[in-house]
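Participant: Any chance you could fold what I've pasted below:
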Amino acid sequence: MLLIYCPHCQENREEEEFSYGGEAHIVRPLAPEALNDKDWGDYLFFRTNSRGIHHEMWYHAVGCRRYFNATRNTVTYEILETYKTGTQPTITGANS
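Facilitator: Below you'll find the predicted structure:
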């Protein structure tokens, strides 16, 4: 069983309590109405999907019901850190 540390609840909880929310730190376009179809599609659908260090958004569905970010190694599935949304990770890599 994988334990995930929730930075809001400040405790380790079972993976089943959480939902994956996608890649973290995706910046919404300031003027989406000005984007052409290709650029809007790129924003909505294309992500890096990299091997190694990756920053992800997670949702604590069964606990505090808040979003947070996690740094995870996509090769080993190990979660290296979790941190509150709006803050920056302390662990970065070539693929982050």
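Participant: Name the residue closest to the centre of the chain, please.
Facilitator: residue 56 (1.7 Å; C-alpha atoms, centre = their mean).
Participant: Looks to me like it is in a helix.
Facilitator: No: counting by DSSP: H, G, I helix; E, B strand; the rest coil, residue 56 is not part of a helix but strand.
Participant: now it, which residues is it bridged with?
Facilitator: residue 23, residue 70 (DSSP bridges).
Participant: I'd like the distance between it and residue 3.
Facilitator: Distance from residue 56 to residue 3, counting by C-beta to C-beta, to the nearest Å: 16 Å. To be clear about C-beta, it is placed using only N, CA and C from the backbone, and glycine gets the same treatment.
Participant: Residue 50 now?
Facilitator: 24 Å.
Participant: If you count surrounding residues, which of the two has more?
Facilitator: Each of residue 50 and residue 3 has its neighbours counted (other C-beta atoms under 10 Å); residue 50 has more, 14 against 11.
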